[in-house]
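# coords please:
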Amino acid sequence: MSPRKSVAETQHTRQRIVERSLAIASVEGLEGLTIGRLANELGMSKAGVLGHFGTKVSLQLAVVDAAATAFTEEVPRRVGDVRPGLPYLRAVCEAWVSYLERRSLPGGCFFTAAAAEFDGRSGPVHDAVTALNALWQRDLRVHVRRAVTAGDLPSDTDPDQLVYELMGVMLALNHFLQLQHDEAAPARARRAFRRLLGT
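Numbering: from 1, shown residues only. Have a look, this model is predicted:
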């Protein structure tokens, strides 16, 4: 086997482990990941799974990174060519609703679940989830300010308050979809966004 093929196979195996871990974690949480379960489901040895990450925390961090990549591809990058400010906010909120509506992960919004799982803990996983949430809220806040500057939102708009309410809509959407299986929830989220951002 050539070194190049060996590296490619190693990367492919690692990707399979992370993808399966992300699907499990979206439903059962990051603490629900066990090396034994992954090895069994992927037809690998425990040592083979652990060898790609070293520790369970490293695996959890790899899953957080994978979730962030998936979210970025499905939400902000889908609307990357939309004009900054209010047009971007409307488009990115629609992409956000669509992402959850399409059930891209079996457990719904990974970061909603991870935040609830780790909000009272300390450590690298908590820090990673917190940092990614802060980054996303910062980006939304930037576009709120641009919308205010452009005159598309009232001059007295409080960016922090608006971002708080946008986040609240998405938390509610995930709750109603996942816990109550309410198929009307995406339409309710869209109505809420229209009230916040106009039509």
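
# residues of stretch 184-197 that come out buried?
Ala185, Pro186, Ala189, Arg190, Ala192, Phe193, Leu196, Leu197 (16 or more other Cβ atoms under 10 Å). The way it works is simple: take the backbone N, C-alpha and C, and place the C-beta from them, glycine included.

# pLDDT at the first one, what is it?
We have a pLDDT of 97 for Ala185.

# can you pull the contacts of it?
Ala185 sits next to Ala172, Leu173, Phe176, Leu177 when contact means Cβ atoms under 8 Å, 6 or more residues apart in numbering.

# next, work out how far apart the first one and Gln137 are.
With distances defined as Cβ to Cβ, to the nearest Å, the gap from Ala172 to Gln137 amounts to 17 Å.

# just to revisit the earlier point, could you dump the buried residues of stretch 184-197 into a markdown table and include secondary structure and distance to Val148?
Output for the buried residues of stretch 184-197, formatted as a markdown table (DSSP: H, G, I helix; E, B strand; the rest coil; distance: Cβ to Cβ, whole Å):
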| residue | secondary structure | distance to Val148 |
| --- | --- | --- |
| Ala185 | helix | 29 |
| Pro186 | helix | 28 |
| Ala189 | helix | 23 |
| Arg190 | helix | 23 |
| Ala192 | helix | 20 |
| Phe193 | helix | 17 |
| Leu196 | helix | 14 |
| Leu197 | helix | 12 |
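
# who are the packing partners of the worst-scoring helix or strand of the chain on mean pLDDT?
Within the chain, no helix or strand scores below helix 3-28, which has a mean of 84 by mean pLDDT, DSSP states H and E. On a contact count with 3 or more Cβ pairs under 8 Å, 6 or more residues apart in numbering; DSSP states H and E, helix 3-28 meets helix 35-42, helix 56-74, helix 110-118.

# looking at those, which is closest to Arg90?
helix 56-74 (16.8 Å; Cβ to Cβ).

# about what we covered before: now the buried residues of stretch 184-197 as CSV including distance to Met44?
Listed next are the buried residues of stretch 184-197 as CSV, based on distance: Cβ to Cβ, whole Å:
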residue, distance to Met44
Ala185, 38
Pro186, 37
Ala189, 39
Arg190, 43
Ala192, 44
Phe193, 43
Leu196, 47
Leu197, 47
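
# considering the residues you listed, which is situated nearest to Leu162?
Leu196 (6.6 Å).

# the nearest residue to the closest one once chain neighbours are set aside: what secondary structure?
Of all residues not flanking Leu196 in the chain, Glu165 sits nearest, at 5.8 Å (Cβ to Cβ, 6 or more residues apart in numbering). At Glu165 the chain is in helix, as set by DSSP: H, G, I helix; E, B strand; the rest coil.
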